[in-house]
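Novice: coordinates for the following, if possible.
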Amino acid sequence: MDTLVLKPAERRRRRHTEEFKRQVIEACLQPGVSVAAIALANGLNANYLRRWVRAHREAVEQSKASVEVVAVEAPAILPVTVVASAPAPEIRLDVRRGGTTVQMAWPLEAAVNLGQCLRELLR
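Specialist: Below is the predicted model:
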């Protein structure tokens, strides 16, 4: 009797480009996204993909933590001249009464007087 010996298929480790990993990790970081679903859609093992995402987050945290603080000298105080170039704020009204239209531009500082003027105008 002859015995048939089956040789197991050789496994090859798949290599993924950094661009592919970046795209898949960015997809996983979107809100409401299932890492397992993205792994399945891209033919990846979900555990490997989670490991990539975790490594990415740790790298981001490390880069934030390693930000070097550099002391900067305070700038010299410079004189500033303020020129009032904008017109003073005003209240603009269009009052229509019958066939007559009155357009008014009233200074904001005199708003109390505007009420008196409108009372007289609308009698």
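Novice: top helix in the chain by residue count?
Specialist: The longest helix of the chain (DSSP state H) is helix 46-65.
Novice: got the contact list for that helix?
Specialist: With CB atoms under 8 Å, 6 or more residues apart in numbering as the test, helix 46-65 has contacts from 21, 24-25, 28-29, 35-36, 38-40, 42. Every residue, glycine included, has its C-beta placed from N, CA and C.
Novice: if any of those are buried, put those into a ChimeraX selection.
Specialist: In ChimeraX, this line selects whichever of those come out buried by 16 or more other CB atoms under 10 Å:
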select :21,24,25,28,35,38,39
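Novice: from the contacts of helix 46-65, which is closest to residue 120?
Specialist: Proximity of these to residue 120 (CB to CB) peaks at residue 29, which lies at 66.6 Å.
Novice: closest to residue 111 among the contacts of helix 46-65?
Specialist: Out of those, the member with the shortest distance to residue 111 (by CB to CB) is residue 29, at 53.4 Å.
Novice: what sits closest to the closest one if chain neighbours are left out?
Specialist: Of all residues not flanking residue 29 in the chain, residue 53 sits nearest, at 7.1 Å (CB to CB, 6 or more residues apart in numbering).
Novice: which elements pack onto the helix or strand following the longest helix of the chain?
Specialist: The first helix or strand that comes after helix 46-65 along the chain, using DSSP states H and E, is strand 90-97. Judged by 3 or more CB pairs under 8 Å, 6 or more residues apart in numbering; DSSP states H and E, the packing partners of strand 90-97 are strand 100-107, helix 111-121.
Novice: could the ones you listed go into CSV alongside mean pLDDT and distance to residue 16?
Specialist: As requested, these are arranged in CSV below (pLDDT from 0 to 100; distance: least, CB to CB, whole Å):
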stretch, mean pLDDT, distance to residue 16
strand 100-107, 82, 69
helix 111-121, 79, 69
